[in-house]
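> Sequence first, predicted coordinates after that:
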Amino acid sequence: MSNVQKTGKLFVVSASSGAGKTSLVNHALERLSGSISIQRVVTYTTRAPRAHEVQGKDYFFISHDEFNKKIKEGFFLETSSYDDHLYGSPQVQYDLLRGTSHCHRPFFLSFWGYQKSR
């Protein structure tokens, strides 16, 4: 048996709001899920869920107070704001990829979040 450790790959999907990031990732997940181990990273937001969105699947929907508490705790890899709402990527998901995880995970990061994570 080989001692080579497999690690996952991080796919950064970054674009303006409304550009189709979620549609792109959902389509890729549908196409690739049978052939490779791939999971979507669920990020956090302070905005209200849209009609079709599910808590814990599309986002973790939390209050501004909860979000700010998580910032102070160092919970997020990166955060951004848009239209008075906050968005953040959990640090723990990124740490899993840098460890021994062999699962690939698409990440939604802002450009600045990507620069910070490099």
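Thanks, I have the structure now.

> List the buried residues for stretch 65-81?
By neighbour count with 16 or more other Cβ atoms under 10 Å, stretch 65-81 contains the buried residues 67, 70, 75-80. In short, each C-beta sits where N, CA and C put it, glycine included.

> Tell me which stretches of the protein form strands.
10-13, 43-45, 59-61, 76-82, 85-90, 105-108 (DSSP state E).

> any idea of the mean pLDDT for the fifth one?
Taken as a whole, strand 85-90 has an average pLDDT of 91.

> same thing with the fourth one?
For strand 76-82, the mean per-residue pLDDT is 87.

> need the helix or strand of this protein with the lowest average pLDDT.
When each helix and strand of the chain is scored by mean pLDDT, DSSP states H and E, helix 111-117 comes last, with a mean of 50.

> Ok, which of the strands of the chain comes nearest residue 31?
strand 105-108 (12.3 Å; Cβ to Cβ).
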